[in-house]
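Asks: I need the structure of the sequence given here:
(chains A and B)
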Number of protein chains: 2
Amino acid sequence: MSQAPAPSGYLACGWNAGIKDHSLDFGCIHSSRPASAAAVFTRSHFPGNPVIVGREHIQDGKLQTIVVNSKNANVATGQAGLDLARNMCKWTGEALNVDPAMILPSSTGVIGRLPPADRLEAACRSLPDKLHSPDFNSFSRAIMTTDAFPKVRGYELHSGIAVLGMAKGAGMIEPNMATMLSYIVTDATMEAADLNRLLKFCVNRSFNRISVDSDTSTSDTVVIMANGAAGKPAFKFPVGLESLWSEQTLETILGDPLPQTGEKPDQVERSNPWPDHIGDEELEFVRAVLRTCIYLSREIVRDGEGASRFFEVLVVGARSQEAAYKVGRSLINSPLVKTAIHGSDPNWGRIIMAIGKVFDEAIRPDHVKIYAGDQLLFQGAGKDVHPDLEDLKAHFQQPEVKIKVDLDMGTRFERFWASDLTSDYVRLNADYTT
Amino acid sequence: MSQAPAPSGYLACGWNAGIKDHSLDFGCIHSSRPASAAAVFTRSHFPGNPVIVGREHIQDGKLQTIVVNSKNANVATGQAGLDLARNMCKWTGEALNVDPAMILPSSTGVIGRLPPADRLEAACRSLPDKLHSPDFNSFSRAIMTTDAFPKVRGYELHSGIAVLGMAKGAGMIEPNMATMLSYIVTDATMEAADLNRLLKFCVNRSFNRISVDSDTSTSDTVVIMANGAAGKPAFKFPVGLESLWSEQTLETILGDPLPQTGEKPDQVERSNPWPDHIGDEELEFVRAVLRTCIYLSREIVRDGEGASRFFEVLVVGARSQEAAYKVGRSLINSPLVKTAIHGSDPNWGRIIMAIGKVFDEAIRPDHVKIYAGDQLLFQGAGKDVHPDLEDLKAHFQQPEVKIKVDLDMGTRFERFWASDLTSDYVRLNADYTT
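Replies: Sure thing, here's the model as predicted:
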């Protein structure tokens, strides 16, 4: 954390506002000037009240302040809860002299109980006293529920621009669904429309490619703010860049392995199909935001409820992005695949099963190849393979398991990260009661 | 079991053929004459070799014999495995003087290992010595893997026609996916095309409406044979009857509660929209087959891996069958719903979450009502409800939990049955290794 560079022009804080107990439960990020902003929210039909308000406030692509409480999600709390989410913005706006429509509220925690309005009001009104430094450290802890550790990632670009991301993941206060909240701030300059395309591009390669348990929270939120305080020319993220996504592009953007927190990203290597009209600095910026999102996503999985093992699924050779997506999702959400990895059980038949149940995509069973690490497990339905089960078991005992599926039908691919399914997950979600 | 009437004209047997250990592992059902037949198989892209052969042999709508081994699924065993599935029919045909194309093979057990051909050949060739009575009791035990109990259900109609069903469910030999096999035999007369429609009608209201863990076996098979030995006129199941399905029809067909094994079904009550050209005897027959399928399905769930609690999900008020199906599936497969029920945790927010994540169906959040048993938990996103959590906890402690979701958008509905998610499930599937 100490190495992560704070972007210019932001203050942040986190403290205990007494929402439920004595742990940090209230935080704020505040830009000294209005910032371009974009956000992606849960697709749930029952979004939390802060999500409803946040959707309204992000419409114009401008935010100045993010205000968050943990320990109560303010979901399924009726009209009173919706009023409260709006009031959080009103109180914060009055305290910081910011238009309430420039404020995004977030809440995470138990569902179906109205949060204590008096404590939230007192917290919002005390923000001027609390916001005196870029204390992202306290903020990243205040948004945690039962996360085991805070999740922070930052990059400083060669130009001095900084990108900093923070997230919370799969934790419970009381038995409850896990909620993913993530906030990314930068002092780069970017129009809201470009920022919006960039965020979607990155989220679809990170937060939307992970699974702890296949369930979707009512409060999931990813927000990015770019306040331009570094004083650099505006970056673009042109329409259509998204569709250039390919295996080659992934490697171009990411490099491998990911650098450590605070390290400068590797020198950019240009290669097709990354278009010429994207400058080196822009590419470096995209890369920093994408790497931040991927880092935070992987940390969320690693800290998943009851998780003991982490696995990556790479689906290649798909005829469409959607086919690769569906096959990967089937694998990372299969209880039998997840339990096999938990138990280091070299039961590769379950991987075949999980591919086999993607009914609505064409699969050529005779062409599918499956690998665990470097080991070929299966090379088509009609052909014999005799994988070394001891080798496979050893691979499944690694803290990070890699499964690759080659569908041999095209060139599209998707990469996913997931946690295993453990007795601890069941205990955490079943044996504690509300 | 002793009460279940055996239909005329069938022999059955089950014994230990030494496939793996000393438990019953080989069985056969044999009709004295060719029977009309229909089957539904797994939709997996990687079907087991017996499924591949079974699909070929059911094409003409005629079967005389079903031959099954447990302890080895003969899946992902290459060309040698496919040859073996064909040879099971050849050896059985030679032994019983039946055309091999009139024989349906089934196998269940471990994946990726070739079954012992010599033992299977010896077992098939000894069938004439073993098939001397309608010993469905031994057959129903020989198809078990780690099922805790055999699953058998029979009805005798007023006309003397008998319907008898047997199934195996979620068991493991070694850590492996669960496989569902089900066989229904009757001495009614029915053309194969009618039988096929009837079977699909029933399977879509029973075996296709259950979930233990959301994974789909490579070997799932449901077969029905009707040999006409009762000497009655042929029953019809007209084209289009399926689409008359509605809530009223369900109650008309089923009655409630289900009668016990061997009991005669209740007197048929005629009501719309069951069409007039379906006679009372036909309706009684459809009802017996459907009840058999529902009974066996529920028993499979009750005997699910690690299952400690059974729950029913009824989705009503849907604008289409598909919408009702998707919402119900989301609920019965949600790990957080399943663990809440396991822990008797009155965390009704998870039910909202599971409905909320059915992204590709329109839902009116303000109109959705959710009930547990008779208790209203939720009456629309904007409205307050304060369910009695103690009452809810008490309901979740019942061996059979009932959840009802009213989407308030139409008249279609679906009913599902599922087991909870337990630490025992994880242990069974993770901690034993191959």
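
Asks: If you tally nearby residues, what's the number for the residue lying closest to A:G169 once chain neighbours are set aside?
Replies: Leaving aside its sequence neighbours, A:G169 sits nearest to A:I300 (CB to CB, 6 or more residues apart in numbering or on different chains; 3.2 Å). For every residue, glycine as well, the C-beta is placed using N, CA and C. A:I300 is flanked by 27 other residues according to other CB atoms under 10 Å in any protein chain shown.

Asks: Is it correct that A:I300 is in contact with A:N208?
Replies: No. Counting by CB atoms under 8 Å, A:I300 sits too far from A:N208 to count as a contact (12.0 Å).

Asks: related to what we said a few turns ago, can you say which helix or strand has the residue nearest to A:G169 in it?
Replies: helix A:280-302 (DSSP states H and E).

Asks: State the mean pLDDT of that helix.
Replies: Model confidence over helix A:280-302, given as mean pLDDT, is 86.

Asks: If you count contacts, what does it end up packed against?
Replies: With contacts taken as 3 or more CB pairs under 8 Å, 6 or more residues apart in numbering or on different chains; DSSP states H and E, helix A:280-302 sits against strand A:151-156, strand A:162-168, strand A:181-186, helix A:192-203, strand A:210-211, helix A:247-254, strand A:310-318, strand A:412-419.

Asks: in chain A, which spans are strands?
Replies: A:10-15, A:26-41, A:62-69, A:103-107, A:151-156, A:162-168, A:181-186, A:210-211, A:221-226, A:310-318, A:369-372, A:375-379, A:400-406, A:412-419 (DSSP state E).

Asks: does the fourth one come close to chain B?
Replies: No. Taking CB under 8 Å from any CB of the partner chain as the criterion, strand A:103-107 and chain B are apart, separated by no less than 13.2 Å.

Asks: give the contact list for the residue nearest to A:S206 when sequence neighbours are not counted.
Replies: Residue nearest to A:S206 in three dimensions, not counting chain neighbours: A:C293, with 3.6 Å by CB to CB, 6+ apart. Residues near A:C293 by CB atoms under 8 Å, 6 or more residues apart in numbering or on different chains: A:G165, A:S182, A:I184, A:C202, A:V203, A:R205, A:S206, A:F207, A:V222.

Asks: between the strands of chain A, which one is nearest to B:P346?
Replies: Closest of the strands of chain A to B:P346 is strand A:103-107, at 21.3 Å (criterion: CB to CB).

Asks: Run me through the strand neighbours of that closest one, direction for each.
Replies: Strand A:103-107 has its sheet partners listed here by DSSP bridges as strand A:62-69 (parallel).

Asks: gap between the strand it pairs with and the chain center?
Replies: Using CA atoms, centre = their mean, to the nearest Å, the mean C-alpha position of strand A:62-69 is found 18 Å from that of the whole chain.

Asks: what comes up buried for it?
Replies: A:K62, A:L63, A:Q64, A:T65, A:I66, A:V67, A:V68, A:N69 (16 or more other CB atoms under 10 Å in any protein chain shown).

Asks: Next, format those residues as JSON lines and append pLDDT.
Replies: Shown next, in JSON lines, are these (pLDDT from 0 to 100):
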{"residue": "A:K62", "pLDDT": "97"}
{"residue": "A:L63", "pLDDT": "97"}
{"residue": "A:Q64", "pLDDT": "98"}
{"residue": "A:T65", "pLDDT": "98"}
{"residue": "A:I66", "pLDDT": "97"}
{"residue": "A:V67", "pLDDT": "98"}
{"residue": "A:V68", "pLDDT": "97"}
{"residue": "A:N69", "pLDDT": "96"}
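
Asks: so which of those residues comes closest to A:R412?
Replies: Out of these, the member with the shortest distance to A:R412 (by CB to CB) is A:L63, at 34.3 Å.

Asks: Which residue is the nearest non-sequential neighbour of that closest one?
Replies: In space, A:L63 comes closest to A:A37 once its chain neighbours are excluded; the distance is 3.7 Å by CB to CB, 6+ apart.

Asks: Cross-check the contact I'm expecting between the one you found and A:I224.
Replies: Yes. Using CB under 8 Å, A:A37 is in contact with A:I224, at 6.6 Å.

Asks: who touches both of the two?
Replies: Taking CB under 8 Å, 6+ apart as the contact rule, A:A37 and A:I224 both touch A:L195.

Asks: mind giving me the domain split of chain A?
Replies: Chain A is divided into the following domains under automatic domain parsing: A:10-302, A:310-431.

Asks: I'd like to know which helix or strand in chain A has the lowest mean pLDDT.
Replies: Scoring the helices and strands of chain A by mean pLDDT, DSSP states H and E places helix A:247-254 at the bottom, with a mean of 54.

Asks: residue ranges with poor pLDDT in chain A?
Replies: Where chain A drops to pLDDT under 70, the residues are A:1-4, A:170-179, A:212-217, A:242-278, A:431-434.

Asks: center of it - which residue?
Replies: A:F207 (3.3 Å; CA atoms, centre = their mean).

Asks: Could you measure from that residue over to A:T292?
Replies: Counting by CB to CB, to the nearest Å, the separation of A:F207 from A:T292 is 11 Å.

Asks: try A:N196
Replies: In terms of CB to CB, A:N196 sits 17 Å off from A:T292.

Asks: likewise A:V286?
Replies: Relative to A:T292, and taking CB to CB, A:V286 is found at 11 Å.

Asks: what about the two, which has more around it?
Replies: A:T292 (28 against 20).

Asks: What count of nearby residues applies to the residue lying closest to the residue nearest to the centre of chain A once chain neighbours are set aside?
Replies: In space, A:F207 comes closest to A:S297 once its chain neighbours are excluded; the distance is 5.2 Å by CB to CB, 6+ apart. Residues near A:S297, counting by other CB under 10 Å, number 26.

Asks: So A:S297 sits against A:S211, correct?
Replies: No. Under the contact definition of CB under 8 Å, A:S297 does not touch A:S211, with a separation of 10.4 Å.

Asks: Need the residues touching each of the two.
Replies: Common neighbours of A:S297 and A:S211 (CB under 8 Å, 6+ apart) are A:W417.

Asks: Just confirm A:N69 contacts A:W15, I think it does.
Replies: No. With contacts counted by CB under 8 Å, A:N69 stays clear of A:W15, the gap being 11.0 Å.

Asks: can you list residues touching both of those two?
Replies: Common neighbours of A:N69 and A:W15 (CB under 8 Å, 6+ apart) are A:F26, A:G27.

Asks: Distance of A:I52 relative to A:A234?
Replies: Distance from A:I52 to A:A234, by CB to CB: 31 Å.

Asks: Comparing those two, which residue is more hemmed in?
Replies: A:I52 (17 against 13).

Asks: count of residues packed around the closest residue to the more buried one other than its chain neighbours?
Replies: With CB to CB, 6+ apart as the criterion, A:I52 has its nearest non-adjacent residue at 6.4 Å, and that residue is A:L82. Look at A:L82: counted by other CB under 10 Å, it has 18 neighbours.

Asks: pretty sure A:L82 contacts A:V53?
Replies: Yes. With contacts counted by CB under 8 Å, A:L82 reaches A:V53, the gap being 7.5 Å.

Asks: hmm, back to that, now the helices and strands packed on helix A:280-302 in TSV, with distance to chain B and mean neighbour count?
Replies: TSV is the format used below for the helices and strands packed on helix A:280-302 (distance: least, CB to the nearest CB, whole Å; neighbours: other CB atoms under 10 Å in any protein chain shown):
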stretch	distance to chain B	mean neighbour count
strand A:151-156	22	24
strand A:162-168	17	27
strand A:181-186	16	28
helix A:192-203	15	21
strand A:210-211	10	21
helix A:247-254	23	16
strand A:310-318	13	21
strand A:412-419	12	24
